[in-house]
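In: output the structure for:
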Amino acid sequence: MQVAFRTDASRTIGSGHVARCLTLAEGLRESGARVTFIARPHPGNLNELLRSRGFEVAELGAPQPTAPRGGPAHAHWIGADWRDDACETRAAIGRLGARPDWLIVDHYGLDERWEAELRGETAALLAVDDLADRRHDCDLLLDQNLFENAATRYAGRLPERCTAMLGPRYALLQPVYAQLHERVAPRAGPVRRACIYFGTADVHGMTRMALLALLDLSVGELEIDVVADGADDAAALRACVAGRGNVRFHSRLPTLAHLLADADLAVGAAGATSWERLCLGVPSLVITLAENQRPVAAALAAKGLAQWLGHYDQVSLSGLREALARRVAAGADTMSSAAGLALVDGAGVRRVRAALMVSAQTPLIARAAAAGDEALLLEWANDPVTRRYSFDQAIIPPEQHHRWLKERLGAGRNCLLLIIETEDGVALATARFDRLGADWRINYSVAAQHRRKGLGPRVLEVALASLARTYPEAAFVWGRVMAANEPSHRVFRRLGFEVASEGGGAVEYRRAL
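Out: Reported below is the predicted structural model:
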(Lines give C-alpha, C1' and ligand atoms only; values in the text may rest on other atoms or scores of the structure.)
Protein backbone atom coordinates (compact mmCIF):
# COMPACT_ATOMS: atom_id res chain seq x y z
CA MET A 1 0.00 0.00 0.00
CA GLN A 2 1.17 3.51 -0.88
CA VAL A 3 0.16 6.37 1.45
CA ALA A 4 0.95 10.08 1.09
CA PHE A 5 0.43 12.65 3.85
CA ARG A 6 -0.03 16.37 3.17
CA THR A 7 0.53 18.23 6.43
CA ASP A 8 2.64 21.06 7.85
CA ALA A 9 4.21 22.27 11.08
CA SER A 10 5.44 25.77 11.88
CA ARG A 11 5.80 28.21 14.72
CA THR A 12 2.28 29.42 13.91
CA ILE A 13 0.66 26.07 13.11
CA GLY A 14 2.39 24.21 15.92
CA SER A 15 3.51 20.59 15.79
CA GLY A 16 0.27 18.73 16.51
CA HIS A 17 -0.78 18.02 12.92
CA VAL A 18 2.57 16.52 11.96
CA ALA A 19 2.91 14.70 15.28
CA ARG A 20 -0.36 12.80 14.94
CA CYS A 21 0.28 12.08 11.25
CA LEU A 22 3.71 10.73 12.17
CA THR A 23 2.13 8.42 14.73
CA LEU A 24 -0.35 7.10 12.14
CA ALA A 25 2.41 6.83 9.53
CA GLU A 26 4.50 4.64 11.82
CA GLY A 27 1.49 2.40 12.41
CA LEU A 28 0.89 2.09 8.68
CA ARG A 29 4.55 1.37 7.97
CA GLU A 30 4.49 -1.33 10.64
CA SER A 31 1.78 -3.05 8.57
CA GLY A 32 3.82 -2.85 5.37
CA ALA A 33 2.71 0.45 3.83
CA ARG A 34 5.13 2.76 2.05
CA VAL A 35 4.60 6.29 3.42
CA THR A 36 5.66 9.67 2.05
CA PHE A 37 5.13 13.11 3.58
CA ILE A 38 4.46 16.18 1.46
CA ALA A 39 5.18 19.35 3.43
CA ARG A 40 6.11 22.98 3.01
CA PRO A 41 9.30 24.17 4.77
CA HIS A 42 7.71 26.75 7.07
CA PRO A 43 9.87 28.26 9.81
CA GLY A 44 9.70 25.77 12.67
CA ASN A 45 8.84 22.83 10.40
CA LEU A 46 9.47 19.21 11.43
CA ASN A 47 10.66 17.89 8.09
CA GLU A 48 14.03 16.78 9.43
CA LEU A 49 12.32 14.97 12.29
CA LEU A 50 10.23 13.05 9.75
CA ARG A 51 13.36 12.14 7.82
CA SER A 52 15.11 11.05 11.01
CA ARG A 53 12.22 8.63 11.58
CA GLY A 54 12.93 7.08 8.19
CA PHE A 55 10.24 8.74 6.07
CA GLU A 56 10.65 10.33 2.68
CA VAL A 57 9.68 14.03 2.69
CA ALA A 58 8.77 15.75 -0.56
CA GLU A 59 9.18 19.44 0.19
CA LEU A 60 7.03 22.00 -1.57
CA GLY A 61 8.24 25.50 -2.39
CA ALA A 62 9.25 28.01 0.25
CA PRO A 63 6.23 29.62 1.95
CA GLN A 64 5.15 32.98 0.56
CA PRO A 65 3.05 35.69 2.20
CA THR A 66 -0.40 35.39 0.69
CA ALA A 67 -3.67 37.23 0.89
CA PRO A 68 -6.21 34.38 0.76
CA ARG A 69 -9.17 34.95 -1.54
CA GLY A 70 -12.04 33.41 0.36
CA GLY A 71 -11.84 29.86 1.61
CA PRO A 72 -11.01 28.59 5.11
CA ALA A 73 -10.21 30.91 7.98
CA HIS A 74 -6.72 29.38 8.18
CA ALA A 75 -5.93 29.63 4.46
CA HIS A 76 -2.94 31.87 5.25
CA TRP A 77 -1.31 28.87 6.98
CA ILE A 78 -0.68 27.24 3.60
CA GLY A 79 2.07 29.63 2.58
CA ALA A 80 0.73 29.65 -0.99
CA ASP A 81 -2.52 29.97 -2.89
CA TRP A 82 -4.45 26.71 -2.56
CA ARG A 83 -4.33 26.21 -6.35
CA ASP A 84 -0.56 26.44 -6.34
CA ASP A 85 -0.38 24.07 -3.38
CA ALA A 86 -2.58 21.57 -5.23
CA CYS A 87 -0.37 21.84 -8.32
CA GLU A 88 2.83 21.34 -6.31
CA THR A 89 1.30 18.43 -4.40
CA ARG A 90 0.20 16.79 -7.66
CA ALA A 91 3.75 17.07 -8.98
CA ALA A 92 5.16 15.61 -5.75
CA ILE A 93 2.79 12.65 -5.98
CA GLY A 94 3.79 12.16 -9.62
CA ARG A 95 7.40 11.72 -8.53
CA LEU A 96 6.52 8.90 -6.12
CA GLY A 97 6.45 6.34 -8.91
CA ALA A 98 3.09 4.87 -7.87
CA ARG A 99 -0.42 6.23 -7.40
CA PRO A 100 -1.18 6.39 -3.66
CA ASP A 101 -3.87 4.11 -2.31
CA TRP A 102 -4.60 6.88 0.22
CA LEU A 103 -3.87 10.59 0.34
CA ILE A 104 -4.21 11.87 3.91
CA VAL A 105 -4.56 15.63 4.37
CA ASP A 106 -4.30 17.22 7.81
CA HIS A 107 -4.29 20.98 7.30
CA TYR A 108 -6.73 23.67 8.46
CA GLY A 109 -5.93 25.75 5.36
CA LEU A 110 -7.11 23.17 2.81
CA ASP A 111 -10.71 22.34 1.96
CA GLU A 112 -12.91 20.59 -0.61
CA ARG A 113 -11.51 22.65 -3.50
CA TRP A 114 -7.99 21.36 -2.91
CA GLU A 115 -9.24 17.84 -2.22
CA ALA A 116 -11.27 17.80 -5.45
CA GLU A 117 -8.17 18.84 -7.41
CA LEU A 118 -6.21 15.89 -5.98
CA ARG A 119 -8.98 13.30 -6.45
CA GLY A 120 -7.49 11.94 -9.64
CA GLU A 121 -4.07 11.42 -8.04
CA THR A 122 -5.18 8.89 -5.39
CA ALA A 123 -7.48 5.92 -4.99
CA ALA A 124 -9.04 7.36 -1.81
CA LEU A 125 -8.73 10.41 0.42
CA LEU A 126 -8.82 10.82 4.20
CA ALA A 127 -9.27 14.29 5.70
CA VAL A 128 -8.18 14.87 9.31
CA ASP A 129 -9.98 17.81 10.89
CA ASP A 130 -10.80 19.38 14.25
CA LEU A 131 -12.72 22.49 13.25
CA ALA A 132 -15.73 21.48 11.11
CA ASP A 133 -15.54 24.99 9.61
CA ARG A 134 -15.32 24.04 5.93
CA ARG A 135 -16.53 21.48 3.41
CA HIS A 136 -14.53 18.37 2.48
CA ASP A 137 -14.42 16.14 -0.58
CA CYS A 138 -13.15 12.90 0.99
CA ASP A 139 -13.94 9.22 1.48
CA LEU A 140 -13.14 9.19 5.19
CA LEU A 141 -13.05 11.99 7.73
CA LEU A 142 -11.28 11.71 11.08
CA ASP A 143 -11.98 14.07 13.97
CA GLN A 144 -10.54 12.63 17.17
CA ASN A 145 -11.98 15.30 19.44
CA LEU A 146 -14.79 15.30 21.97
CA PHE A 147 -17.66 17.68 21.23
CA GLU A 148 -21.15 18.09 22.62
CA ASN A 149 -22.54 18.21 19.05
CA ALA A 150 -20.30 15.52 17.55
CA ALA A 151 -23.12 13.83 15.63
CA THR A 152 -24.19 16.98 13.77
CA ARG A 153 -21.19 19.29 13.51
CA TYR A 154 -20.20 18.00 10.05
CA ALA A 155 -23.75 18.01 8.69
CA GLY A 156 -23.71 19.46 5.17
CA ARG A 157 -19.91 19.52 5.06
CA LEU A 158 -19.22 15.98 3.79
CA PRO A 159 -20.16 14.13 0.60
CA GLU A 160 -22.80 11.45 0.96
CA ARG A 161 -20.30 8.65 0.35
CA CYS A 162 -18.02 9.83 3.18
CA THR A 163 -17.79 7.98 6.48
CA ALA A 164 -16.89 10.02 9.56
CA MET A 165 -14.77 8.56 12.35
CA LEU A 166 -15.52 10.82 15.30
CA GLY A 167 -14.33 10.95 18.87
CA PRO A 168 -11.37 10.07 21.10
CA ARG A 169 -11.61 6.32 20.38
CA TYR A 170 -9.84 7.30 17.13
CA ALA A 171 -7.23 9.51 18.85
CA LEU A 172 -3.87 9.02 17.15
CA LEU A 173 -1.68 8.19 20.12
CA GLN A 174 1.70 6.48 20.12
CA PRO A 175 1.59 2.73 20.86
CA VAL A 176 3.13 3.25 24.29
CA TYR A 177 -0.10 4.90 25.46
CA ALA A 178 -2.13 1.74 24.85
CA GLN A 179 0.53 -0.28 26.64
CA LEU A 180 0.60 1.99 29.69
CA HIS A 181 -3.19 2.32 29.68
CA GLU A 182 -3.40 -1.34 30.71
CA ARG A 183 -1.10 -0.76 33.68
CA VAL A 184 -2.16 2.54 35.24
CA ALA A 185 -4.95 2.86 37.78
CA PRO A 186 -7.25 5.78 38.62
CA ARG A 187 -5.33 8.28 40.72
CA ALA A 188 -6.10 8.38 44.43
CA GLY A 189 -4.57 9.93 47.52
CA PRO A 190 -2.34 13.00 47.69
CA VAL A 191 -0.99 14.85 44.66
CA ARG A 192 2.69 14.00 44.69
CA ARG A 193 3.73 14.78 41.12
CA ALA A 194 2.58 17.36 38.56
CA CYS A 195 3.38 17.73 34.85
CA ILE A 196 3.30 21.01 32.91
CA TYR A 197 3.09 20.98 29.10
CA PHE A 198 1.58 23.60 26.80
CA GLY A 199 2.79 22.30 23.46
CA THR A 200 5.42 23.69 21.12
CA ALA A 201 3.84 27.09 20.49
CA ASP A 202 3.46 28.58 23.98
CA VAL A 203 3.69 32.19 22.85
CA HIS A 204 1.57 33.40 25.78
CA GLY A 205 3.89 32.24 28.57
CA MET A 206 1.54 29.71 30.16
CA THR A 207 4.42 27.35 31.00
CA ARG A 208 6.03 30.08 33.12
CA MET A 209 2.74 30.96 34.81
CA ALA A 210 1.94 27.35 35.69
CA LEU A 211 5.44 26.74 37.08
CA LEU A 212 5.39 29.89 39.21
CA ALA A 213 1.92 29.04 40.49
CA LEU A 214 3.01 25.57 41.57
CA LEU A 215 6.17 26.89 43.19
CA ASP A 216 4.11 29.45 45.11
CA LEU A 217 2.15 26.65 46.77
CA SER A 218 5.19 25.85 48.93
CA VAL A 219 4.40 22.16 48.85
CA GLY A 220 7.87 20.85 49.49
CA GLU A 221 7.10 17.25 48.59
CA LEU A 222 5.48 18.05 45.23
CA GLU A 223 7.60 16.86 42.30
CA ILE A 224 7.21 18.99 39.14
CA ASP A 225 8.04 17.95 35.57
CA VAL A 226 8.18 20.84 33.09
CA VAL A 227 8.27 20.16 29.35
CA ALA A 228 9.40 23.50 27.98
CA ASP A 229 9.61 22.88 24.22
CA GLY A 230 7.30 25.77 23.44
CA ALA A 231 8.41 28.26 26.07
CA ASP A 232 10.39 31.17 24.64
CA ASP A 233 12.00 31.77 28.03
CA ALA A 234 12.92 28.17 28.84
CA ALA A 235 16.51 29.12 29.73
CA ALA A 236 15.32 31.84 32.12
CA LEU A 237 12.88 29.42 33.73
CA ARG A 238 15.64 26.91 34.33
CA ALA A 239 17.73 29.61 35.96
CA CYS A 240 14.94 30.76 38.28
CA VAL A 241 14.50 27.28 39.76
CA ALA A 242 18.19 26.43 39.97
CA GLY A 243 18.84 24.44 43.11
CA ARG A 244 15.26 23.21 43.48
CA GLY A 245 15.59 19.46 43.42
CA ASN A 246 11.86 18.89 43.00
CA VAL A 247 11.71 20.56 39.54
CA ARG A 248 12.86 18.74 36.41
CA PHE A 249 12.98 20.30 32.95
CA HIS A 250 12.54 18.24 29.78
CA SER A 251 12.73 19.06 26.09
CA ARG A 252 12.46 17.22 22.78
CA LEU A 253 11.08 14.11 24.42
CA PRO A 254 10.08 11.33 22.00
CA THR A 255 6.91 10.88 24.08
CA LEU A 256 5.19 12.38 27.13
CA ALA A 257 3.74 9.01 28.05
CA HIS A 258 6.05 8.08 30.91
CA LEU A 259 5.86 11.52 32.54
CA LEU A 260 2.07 11.44 32.35
CA ALA A 261 1.87 7.89 33.66
CA ASP A 262 3.72 9.03 36.79
CA ALA A 263 1.75 12.27 37.26
CA ASP A 264 -1.15 12.83 39.66
CA LEU A 265 -1.99 16.17 38.06
CA ALA A 266 -1.33 17.85 34.72
CA VAL A 267 -1.54 21.48 33.64
CA GLY A 268 -1.75 22.21 29.93
CA ALA A 269 -3.76 23.26 26.90
CA ALA A 270 -6.80 21.59 25.34
CA GLY A 271 -5.09 20.30 22.22
CA ALA A 272 -4.04 16.80 21.21
CA THR A 273 -2.35 16.22 24.57
CA SER A 274 -5.84 16.11 26.09
CA TRP A 275 -6.26 12.56 24.80
CA GLU A 276 -2.84 11.50 26.05
CA ARG A 277 -3.71 12.71 29.55
CA LEU A 278 -7.10 10.97 29.50
CA CYS A 279 -5.64 7.72 28.16
CA LEU A 280 -3.34 7.55 31.18
CA GLY A 281 -5.93 8.80 33.67
CA VAL A 282 -4.22 12.07 34.59
CA PRO A 283 -6.59 14.65 36.16
CA SER A 284 -5.88 18.00 34.54
CA LEU A 285 -6.37 21.74 34.69
CA VAL A 286 -6.56 23.18 31.18
CA ILE A 287 -6.09 26.66 29.78
CA THR A 288 -7.09 27.11 26.15
CA LEU A 289 -4.55 28.74 23.83
CA ALA A 290 -6.53 28.89 20.57
CA GLU A 291 -10.15 29.37 19.55
CA ASN A 292 -10.51 25.80 18.29
CA GLN A 293 -9.61 24.51 21.76
CA ARG A 294 -12.57 26.22 23.44
CA PRO A 295 -15.31 23.73 22.43
CA VAL A 296 -13.03 20.81 23.31
CA ALA A 297 -12.33 22.27 26.75
CA ALA A 298 -16.04 22.95 27.26
CA ALA A 299 -16.92 19.33 26.43
CA LEU A 300 -14.17 18.01 28.71
CA ALA A 301 -15.38 20.18 31.57
CA ALA A 302 -19.04 19.28 31.02
CA LYS A 303 -18.23 15.59 31.30
CA GLY A 304 -15.98 16.00 34.35
CA LEU A 305 -12.88 15.01 32.37
CA ALA A 306 -10.89 18.18 33.09
CA GLN A 307 -11.17 21.50 34.88
CA TRP A 308 -11.21 24.35 32.37
CA LEU A 309 -9.81 27.54 33.90
CA GLY A 310 -10.56 29.70 30.85
CA HIS A 311 -8.78 31.16 27.85
CA TYR A 312 -5.17 32.29 28.24
CA ASP A 313 -6.18 35.96 28.38
CA GLN A 314 -8.66 35.27 31.19
CA VAL A 315 -6.31 33.44 33.55
CA SER A 316 -4.10 35.27 36.03
CA LEU A 317 -1.23 33.97 38.11
CA SER A 318 -3.26 34.39 41.29
CA GLY A 319 -6.27 32.63 39.79
CA LEU A 320 -4.17 29.71 38.59
CA ARG A 321 -2.43 29.52 41.98
CA GLU A 322 -5.77 29.34 43.78
CA ALA A 323 -7.11 26.64 41.45
CA LEU A 324 -3.98 24.56 41.90
CA ALA A 325 -4.05 25.03 45.66
CA ARG A 326 -7.62 23.71 45.81
CA ARG A 327 -6.76 20.76 43.60
CA VAL A 328 -3.64 19.81 45.56
CA ALA A 329 -5.43 20.21 48.90
CA ALA A 330 -8.30 17.97 47.74
CA GLY A 331 -5.99 15.23 46.53
CA ALA A 332 -6.08 13.37 43.26
CA ASP A 333 -9.37 13.57 41.36
CA THR A 334 -10.24 9.88 41.24
CA MET A 335 -13.54 10.30 39.38
CA SER A 336 -11.98 12.36 36.59
CA SER A 337 -9.08 9.92 36.35
CA ALA A 338 -11.35 6.89 36.03
CA ALA A 339 -13.57 8.63 33.47
CA GLY A 340 -10.56 9.44 31.31
CA LEU A 341 -9.30 5.88 31.41
CA ALA A 342 -12.75 4.65 30.37
CA LEU A 343 -13.01 7.09 27.46
CA VAL A 344 -9.60 6.74 25.74
CA ASP A 345 -7.89 3.36 25.43
CA GLY A 346 -5.01 4.39 23.17
CA ALA A 347 -5.98 2.07 20.29
CA GLY A 348 -6.96 4.85 17.87
CA VAL A 349 -4.08 4.21 15.46
CA ARG A 350 -5.07 0.56 15.15
CA ARG A 351 -8.67 1.57 14.37
CA VAL A 352 -7.72 4.16 11.76
CA ARG A 353 -5.12 1.84 10.23
CA ALA A 354 -7.77 -0.85 9.92
CA ALA A 355 -10.13 1.59 8.19
CA LEU A 356 -7.39 2.22 5.61
CA MET A 357 -5.92 -1.26 5.22
CA VAL A 358 -8.48 -3.97 6.04
CA SER A 359 -9.62 -5.97 3.03
CA ALA A 360 -11.59 -9.11 2.26
CA GLN A 361 -8.34 -11.06 2.72
CA THR A 362 -7.68 -9.78 6.26
CA PRO A 363 -7.81 -12.60 8.86
CA LEU A 364 -10.78 -12.13 11.21
CA ILE A 365 -11.76 -13.70 14.52
CA ALA A 366 -14.97 -13.80 16.54
CA ARG A 367 -15.30 -13.18 20.25
CA ALA A 368 -18.27 -13.01 22.58
CA ALA A 369 -19.63 -9.50 23.09
CA ALA A 370 -19.44 -8.05 26.59
CA ALA A 371 -20.95 -5.20 28.57
CA GLY A 372 -17.95 -3.07 27.64
CA ASP A 373 -19.05 -3.16 23.99
CA GLU A 374 -22.27 -1.27 24.76
CA ALA A 375 -21.28 2.11 23.32
CA LEU A 376 -19.79 0.56 20.19
CA LEU A 377 -22.85 -1.62 19.53
CA LEU A 378 -25.16 1.37 19.99
CA GLU A 379 -23.07 3.43 17.55
CA TRP A 380 -23.28 0.69 14.96
CA ALA A 381 -26.99 0.11 15.56
CA ASN A 382 -27.82 3.78 15.03
CA ASP A 383 -25.70 4.17 11.91
CA PRO A 384 -27.97 5.70 9.22
CA VAL A 385 -27.43 2.85 6.74
CA THR A 386 -28.11 0.23 9.41
CA ARG A 387 -31.33 1.97 10.42
CA ARG A 388 -32.40 2.33 6.78
CA TYR A 389 -32.22 -1.44 6.26
CA SER A 390 -33.73 -2.35 9.63
CA PHE A 391 -37.35 -3.46 9.96
CA ASP A 392 -37.73 -0.94 12.79
CA GLN A 393 -36.01 2.20 11.52
CA ALA A 394 -36.43 4.36 14.63
CA ILE A 395 -33.26 5.61 16.33
CA ILE A 396 -32.53 3.50 19.42
CA PRO A 397 -32.31 5.49 22.69
CA PRO A 398 -29.31 4.63 24.92
CA GLU A 399 -31.47 3.45 27.82
CA GLN A 400 -33.41 1.08 25.53
CA HIS A 401 -30.17 -0.27 24.09
CA HIS A 402 -28.77 -0.78 27.60
CA ARG A 403 -31.78 -2.90 28.58
CA TRP A 404 -31.62 -4.85 25.32
CA LEU A 405 -27.93 -5.64 25.70
CA LYS A 406 -28.37 -6.71 29.29
CA GLU A 407 -31.13 -9.10 28.21
CA ARG A 408 -29.12 -10.49 25.29
CA LEU A 409 -26.01 -11.06 27.41
CA GLY A 410 -28.15 -12.77 30.03
CA ALA A 411 -30.02 -14.98 27.58
CA GLY A 412 -27.64 -17.91 28.05
CA ARG A 413 -27.95 -20.59 25.39
CA ASN A 414 -30.72 -18.71 23.60
CA CYS A 415 -28.46 -16.00 22.16
CA LEU A 416 -24.92 -15.80 20.81
CA LEU A 417 -23.80 -12.19 20.41
CA LEU A 418 -20.44 -11.80 18.67
CA ILE A 419 -17.94 -9.09 17.83
CA ILE A 420 -15.94 -9.77 14.66
CA GLU A 421 -12.49 -8.21 14.81
CA THR A 422 -9.00 -8.23 13.38
CA GLU A 423 -6.23 -10.26 14.97
CA ASP A 424 -4.95 -7.12 16.71
CA GLY A 425 -8.34 -6.45 18.30
CA VAL A 426 -10.02 -3.87 16.04
CA ALA A 427 -13.77 -4.48 15.99
CA LEU A 428 -15.23 -4.44 12.46
CA ALA A 429 -18.68 -6.00 12.71
CA THR A 430 -21.22 -7.70 14.93
CA ALA A 431 -23.33 -10.81 14.45
CA ARG A 432 -26.18 -12.08 16.63
CA PHE A 433 -27.76 -15.52 16.62
CA ASP A 434 -31.14 -16.01 18.36
CA ARG A 435 -32.38 -19.54 19.00
CA LEU A 436 -35.45 -20.80 17.12
CA GLY A 437 -35.86 -24.26 18.62
CA ALA A 438 -33.26 -26.37 16.82
CA ASP A 439 -32.54 -23.51 14.42
CA TRP A 440 -31.03 -20.04 14.75
CA ARG A 441 -31.78 -16.63 13.24
CA ILE A 442 -28.83 -14.38 12.29
CA ASN A 443 -28.57 -10.60 12.24
CA TYR A 444 -25.33 -8.84 11.39
CA SER A 445 -23.90 -5.42 10.55
CA VAL A 446 -20.52 -4.09 9.41
CA ALA A 447 -19.09 -0.82 10.75
CA ALA A 448 -19.54 2.07 8.34
CA GLN A 449 -15.80 2.60 7.73
CA HIS A 450 -15.41 -1.04 6.68
CA ARG A 451 -18.23 -1.27 4.15
CA ARG A 452 -17.63 -1.53 0.40
CA LYS A 453 -14.59 -3.73 1.05
CA GLY A 454 -16.23 -7.10 0.40
CA LEU A 455 -16.09 -8.01 4.10
CA GLY A 456 -19.70 -9.21 4.43
CA PRO A 457 -19.15 -12.83 3.34
CA ARG A 458 -16.03 -13.17 5.48
CA VAL A 459 -17.83 -11.71 8.52
CA LEU A 460 -20.67 -14.21 8.16
CA GLU A 461 -18.30 -17.12 7.57
CA VAL A 462 -16.44 -16.34 10.81
CA ALA A 463 -19.71 -15.89 12.71
CA LEU A 464 -21.22 -19.13 11.38
CA ALA A 465 -18.05 -21.04 12.27
CA SER A 466 -18.29 -19.68 15.83
CA LEU A 467 -21.93 -20.80 16.06
CA ALA A 468 -21.02 -24.29 14.79
CA ARG A 469 -18.25 -24.62 17.39
CA THR A 470 -20.47 -23.38 20.21
CA TYR A 471 -23.65 -25.26 19.26
CA PRO A 472 -22.70 -28.13 16.94
CA GLU A 473 -26.23 -29.51 17.22
CA ALA A 474 -27.68 -26.49 15.40
CA ALA A 475 -29.69 -27.48 12.30
CA PHE A 476 -30.49 -24.46 10.13
CA VAL A 477 -29.64 -20.76 10.16
CA TRP A 478 -32.24 -18.26 8.99
CA GLY A 479 -31.79 -14.67 7.84
CA ARG A 480 -34.45 -12.07 7.03
CA VAL A 481 -33.41 -9.26 4.70
CA MET A 482 -35.29 -6.21 3.47
CA ALA A 483 -36.01 -6.48 -0.25
CA ALA A 484 -34.11 -3.23 -0.92
CA ASN A 485 -30.94 -4.37 0.90
CA GLU A 486 -29.07 -5.67 -2.14
CA PRO A 487 -25.63 -5.92 -0.45
CA SER A 488 -26.99 -8.36 2.13
CA HIS A 489 -28.78 -10.38 -0.54
CA ARG A 490 -25.45 -10.84 -2.33
CA VAL A 491 -23.77 -11.96 0.90
CA PHE A 492 -26.42 -14.56 1.73
CA ARG A 493 -26.49 -15.92 -1.81
CA ARG A 494 -22.70 -16.15 -1.96
CA LEU A 495 -22.65 -18.23 1.24
CA GLY A 496 -25.16 -20.72 -0.08
CA PHE A 497 -28.32 -19.51 1.63
CA GLU A 498 -31.49 -20.36 -0.27
CA VAL A 499 -34.65 -18.28 -0.49
CA ALA A 500 -37.25 -19.81 1.82
CA SER A 501 -39.98 -17.22 1.29
CA GLU A 502 -40.62 -13.73 -0.04
CA GLY A 503 -43.21 -11.11 0.76
CA GLY A 504 -44.00 -8.07 2.83
CA GLY A 505 -40.92 -6.25 1.53
CA ALA A 506 -38.56 -8.93 2.84
CA VAL A 507 -36.79 -12.11 1.77
CA GLU A 508 -36.32 -15.05 4.15
CA TYR A 509 -33.13 -17.08 3.65
CA ARG A 510 -32.22 -20.49 5.06
CA ARG A 511 -29.08 -22.63 5.11
CA ALA A 512 -28.03 -25.78 6.90
CA LEU A 513 -25.26 -25.10 9.37
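
In: give the contact list for the residue nearest the centre of the chain.
Out: Nearest residue to the geometric centre of the chain (Cα atoms, centre = their mean): Y170, 1.8 Å. The neighbourhood of Y170, defined by Cβ atoms under 8 Å, 6 or more residues apart in numbering, consists of 142, 144, 348, 351-352. To be clear about C-beta, it is placed using only N, CA and C from the backbone, and glycine gets the same treatment.

In: name the residues that touch the helix or strand bottoming out on mean pLDDT in the chain?
Out: Least confident helix or strand, the chain: helix 234-240 with a mean of 78, by mean pLDDT, DSSP states H and E. Defining contact as Cβ under 8 Å, 6+ apart, one finds that helix 234-240 is touched by 207-208, 211, 226, 228, 231, 249, 251.

In: from these, which shows the smallest pLDDT?
Out: The lowest pLDDT within the contacts of helix 234-240 belongs to A231, with 64.

In: and V176, that one's in a helix?
Out: Yes - under DSSP: H, G, I helix; E, B strand; the rest coil, V176 falls within a helix.

In: against E182, how distant is it?
Out: 11 Å (Cβ to Cβ, to the nearest Å).

In: of the two, who's got more company?
Out: Applying other Cβ atoms under 10 Å to V176 and E182 shows that V176 carries more neighbours, namely 17 against 8.

In: in space, what's closest to that one - neighbours in sequence excluded?
Out: A257 (4.5 Å; Cβ to Cβ, 6 or more residues apart in numbering).

In: mind listing what the one you found touches?
Out: Counting by Cβ under 8 Å, 6+ apart, A257 touches 174, 176-177, 180, 276, 280.

In: can you map out the helices along the stretch 401-513 of the chain?
Out: 456-470, 486-494 (DSSP state H, counting those that start in this stretch).

In: pLDDT weak spots in the stretch 101-250 of the chain?
Out: Within the stretch 101-250 of the chain, the stretches with pLDDT under 70 are 218-220, 230-232.

In: all helices for it, in order.
Out: Using DSSP H, counting those that start in this stretch, helices in the stretch 101-250 of the chain cover 112-118, 175-181, 206-216, 234-240.

In: just to revisit the earlier point, just the closest of the contacts of Y170 to H489, please.
Out: Comparing the contacts of Y170 against H489 with Cβ to Cβ picks out R351 as the nearest, at 29.0 Å.

In: my guess is that closest one contacts R169. True?
Out: Yes - look at R351 against R169 with Cβ atoms under 8 Å: they come within range, at 6.7 Å.

In: compare these two (neighbour count), which wins?
Out: More neighbours surround R351 than the other of R351 and R169, with 22 against 18 (other Cβ under 10 Å).

In: list the contacts of that one.
Out: Taking Cβ under 8 Å, 6+ apart, we find R351 in contact with 165, 169-170, 426.

In: now swap in H76 and tell me
Out: 66, 68, 109.

In: just the pLDDT at it, thanks.
Out: Value for H76, per-residue pLDDT: 92.

In: what about it, distance to Q64?
Out: From H76 to Q64 the distance is 11 Å (Cβ to Cβ).

In: now swap in L222 and tell me
Out: Counting by Cβ to Cβ - L222 and Q64 are separated by 48 Å.

In: between these two, which one's more packed in?
Out: L222 (20 against 11).

In: what are the phi and psi angles of the more buried one?
Out: Main-chain torsions, L222, degrees, to the nearest 10: phi -80, psi 120.

In: so what's it up against?
Out: 191-194, 214, 246, 328.

In: out of those, which is most surrounded?
Out: That'd be A194 among those, by other Cβ under 10 Å, with 27 neighbours.

In: how about the nearest residue to it once chain neighbours are set aside, phi and psi?
Out: Setting aside the residues directly before and after it, A194 is nearest to L265 in space (Cβ to Cβ, 6+ apart), at 4.5 Å. Backbone torsions for L265, taken as degrees, to the nearest 10, come to phi -160, psi 140.

In: C87 too?
Out: phi -60, psi -40.

In: who touches the helix or strand that contains A4?
Out: Using DSSP states H and E, the element containing A4 is strand 2-7. With contact meaning Cβ under 8 Å, 6+ apart, strand 2-7 is reached by 17-18, 21, 25, 28, 33-39, 89, 92-93, 96, 98-107, 110, 122, 128, 356.

In: in ChimeraX, how would I select just the buried ones from these?
Out: The following ChimeraX line selects those of those that are buried, judged by 16 or more other Cβ atoms under 10 Å:
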select :17,18,21,25,28,33,34,35,36,37,38,39,89,92,93,96,100,101,102,103,104,105,106,107,110,122,128,356
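
In: circling back: tell me the buried residues within the contacts of helix 234-240.
Out: Buried residues within the contacts of helix 234-240, counting neighbours by 16+ other Cβ under 10 Å: 207-208, 211, 226, 228, 231, 249.

In: closest to R480 among those?
Out: Among the buried ones among the contacts of helix 234-240, and counting by Cβ to Cβ, the member closest to R480 is T207, at 60.7 Å.

In: from G44, how far out is that closest one?
Out: T207 is 17 Å from G44, by Cβ to Cβ.

In: hmm, back to that, which of the contacts of helix 234-240 sits closest to A468?
Out: Nearest to A468 among the contacts of helix 234-240, counting by Cβ to Cβ, is S251 at 57.7 Å.

In: excluding chain neighbours, what is closest to the closest one?
Out: D229 is the one closest to S251 (Cβ to Cβ, 6+ apart), at 5.3 Å.

In: now do the same contact list for that neighbour.
Out: D229 sits in contact with 199-200, 251-252, where contact means Cβ under 8 Å, 6+ apart.

In: so which of the helices of the stretch 401-513 of the chain is the most surrounded?
Out: Ranked by average neighbour count under the criterion mean count of other Cβ atoms under 10 Å, the helices of the stretch 401-513 of the chain are headed by helix 456-470 at a mean of 18.

In: just give me how far it sits from the chain centre.
Out: Centroid separation for helix 456-470 versus its chain: 29 Å, with Cα atoms, centre = their mean, to the nearest Å.

In: hmm, who's touching it?
Out: Contacts for helix 456-470 (Cβ under 8 Å, 6+ apart): 360, 362, 364-366, 416, 418, 420, 428-429, 431, 433, 440, 442, 444, 446, 474, 477, 487-488, 490-492, 494-495, 513.

In: alright, I will stop here.
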